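Chemist: Structure for the following, please:
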Amino acid sequence: MVKRILAVMFCLVLLLITGVSYGETPYEKGQKEFKEENYEEALEFFIEARKLDPTNTLAAFFLGLTYKHMQNFKEAIPHLRDAVTLTPKIKEALTELIDVLYLTDNLEEAKKWIEVGEKEKVFPARVQFLKGLVLTKEGKYGEALPAFEKAKELDKSLAQAVEFHIANIHVKEGKLKEARDRFRFALTIDPTTEMGLFARDYEKFLTAKIEREKPWRLSVGLAYKFDSNVVLRPTSGPVAESITNEKDNGLNGTLRVGYTAPFSFKSPYSLSFQYSFYTDNYADLTPYQWISSVISAIPGYNFGKFSVNMPIVYGYNWLERRSYMTVKGVEPTIRFMVTDDSIGEVSLGYYRRGYLRSALDPDEDRDGDNLSGTFGLTYFFKEGEGLLNTKYSPSREDTDGRNWSYKQHKFSASLLYPLIWSFKLQLSGEATFTHYVNKHTIFDKKRIDDIYTGSAGLIYSIVRNLDAIVNYSYTRNLSNIEIYDYKRHIVTLGLEFRY
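Modeler: Now for the predicted structure:
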């Protein structure tokens, strides 16, 4: 008897358990899988549920939502549309439908359902946010902005997303400063979110872009200078013995102003103007005071893989505060990407130098034409602001006086590399080999100058845009004519401000 009772109880429990399992509808099974984020399994159950009852709006809603989670947006549309048109309507489906219509570029239908949401006051903040997205995609930025602002006003939790999208609108409008400020604000709301991380990256990018695209640039420098050989005293010979006061201290000043037309940043065409001013003022050797003033116009065009610029230059120089020399010329330049980290440069320049003081000897007349070329490569270091530049420049100068015509080959390299504590290392070297074309009328041989120059410096960033600079340079001219053979040491210590 007892055994029969236990057997009956076991069967009842078994039937109860299996009955629950077999009693679950496809919709209920789909709900269970959906909550576990098993979307592929949930999809099959919701499809079956819709086949069994096509009017079940809950099944339609969850089938559309499952398709959306699986990023099958087009398949989601008809089911979400049923969820908001059949009875009973699922109001949560309205914003999901508008979202997938936006994602699939069905903007006209999306705006139709936005009007329904506004009229029936369904999730007003979310509807206004989606309205801003749709209008943005249509390019109607003036209408999108108030929609985003209203969404933020209705729901403060949307503030970061609203600021992010308004910032993107300002980027498209070319309002980079406003965009940067919006990204900054979005970052302050919550820097730990994915959108906050995006906002941080965009803010950094825009800050750098704004800096690059400033129309006006200014640089002012002032430095103390010690020059061991102002007069280029020869290293030996009777002329060297007659010179005793070749050293001097002084101040040199620099001014550089640049303007770039705003269209240069938004089109392949470019136009910029530059002005530079340099002065050397020695304490005792005043006849060697030097002033240089140069203005240039630089039109250009960017072809995508390479760019072409055409600097047109005019310079005027003074020596001992008296007019000394003019320089005018043009130097077409092509720049192109060699790798992601390096830029190549090729140029061909023509310059005319005119000396404003008549030479006592016609053979010493230095008025002439200079034709030069440049082949250069600049490599940018990934870890910071450093760069390495190498350059080869052949040239020929034809002067009116026979003693100054020459052919020249110049090799140079420079390095700028960031160190610790806001210091940067600056190194440069140059080797210039100059062979004069004609026999010198006084020394009766062709002059050859091999000039080697090396310099090393430190740049310290005191505050943003203000640097302290110390530099040492050494020049050695090895000439086959004794009077032109010299050594020179220069030490400078100065400040430079940039804007």
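
Chemist: L206 and F183 touch, don't they?
Modeler: Yes. With contact defined as Cβ atoms under 8 Å, L206 reaches F183; the gap is 6.6 Å. Glycine gets a C-beta too; all of them are placed from N, C-alpha and C.

Chemist: who's more crowded, the two?
Modeler: F183 (27 against 22; other Cβ atoms under 10 Å).

Chemist: The more buried one looks like it's in a strand, true?
Modeler: No. With DSSP: H, G, I helix; E, B strand; the rest coil as the criterion, F183 is assigned helix and is not in a strand.

Chemist: Phi and psi next, for the closest residue in space to it that isn't next to it in sequence.
Modeler: Computed as Cβ to Cβ, 6 or more residues apart in numbering, the closest residue to F183 that is not its neighbour in sequence is E203, at 4.0 Å. Main-chain dihedrals, E203, degrees, to the nearest 10: phi -60, psi -40.

Chemist: Can you give me the buried ones in the helix or strand hosting Y301?
Modeler: Following DSSP states H and E, the helix or strand that holds Y301 is strand 290-302. Within strand 290-302, the residues that qualify as buried by neighbour count (16 or more other Cβ atoms under 10 Å) are 290-292, 294, 296, 298, 300.

Chemist: from the chain's centre, how far out does it sit?
Modeler: In terms of Cα atoms, centre = their mean, to the nearest Å, the centre of strand 290-302 is found 23 Å from the chain centre.

Chemist: Next: stretch 227-236.
Modeler: 44 Å.

Chemist: repeat for stretch 124-134
Modeler: The answer for stretch 124-134 is 33 Å, by Cα atoms, centre = their mean.

Chemist: hmm, who's touching that stretch?
Modeler: Counting contacts by Cβ atoms under 8 Å, 6 or more residues apart in numbering, the residues outside stretch 124-134 that touch it are 94-95, 98-99, 102, 107, 110-111, 114, 117-118, 144-145, 147-148, 150-151, 154-155, 158, 161-162, 165.

Chemist: Mind giving me the ChimeraX select for the residues you listed, buried ones only?
Modeler: Listed next is the ChimeraX selection for buried residues among the contacts of stretch 124-134, using 16+ other Cβ under 10 Å:
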select :94,95,98,99,102,107,110,111,114,117,144,145,147,148,150,151,155,158,161,162,165
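
Chemist: which stretches of this structure form helices?
Modeler: Counting by DSSP state H, the segments of the chain that form helices are 2-23, 26-35, 39-52, 57-69, 73-85, 92-103, 107-120, 124-137, 141-154, 159-173, 176-189, 194-212, 238-242.

Chemist: In the fourth one, which residues have enough neighbours to count as buried?
Modeler: Residues 57-68 are the ones in helix 57-69 that count as buried (16+ other Cβ under 10 Å).

Chemist: now swap in the shortest one and tell me
Modeler: By neighbour count, with 16+ other Cβ under 10 Å as the criterion, the buried positions of helix 238-242 are A240.

Chemist: do the same with stretch 266-285
Modeler: For stretch 266-285, burial by neighbour count (16+ other Cβ under 10 Å) applies to 270, 272, 274, 276, 278-282, 285.

Chemist: Let me have those in a markdown table, adding pLDDT as columns.
Modeler: Converted to a markdown table, these look like this (pLDDT from 0 to 100):
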| residue | pLDDT |
| --- | --- |
| S270 | 92 |
| S272 | 94 |
| Q274 | 95 |
| S276 | 95 |
| Y278 | 95 |
| T279 | 94 |
| D280 | 92 |
| N281 | 93 |
| Y282 | 93 |
| L285 | 90 |
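
Chemist: Need the max-distance pair from those.
Modeler: S270 and L285 (42.5 Å; Cβ to Cβ).

Chemist: if we look at the strand holding Y301, which residues are touching it?
Modeler: 264, 268-280, 307-319, 321, 327.
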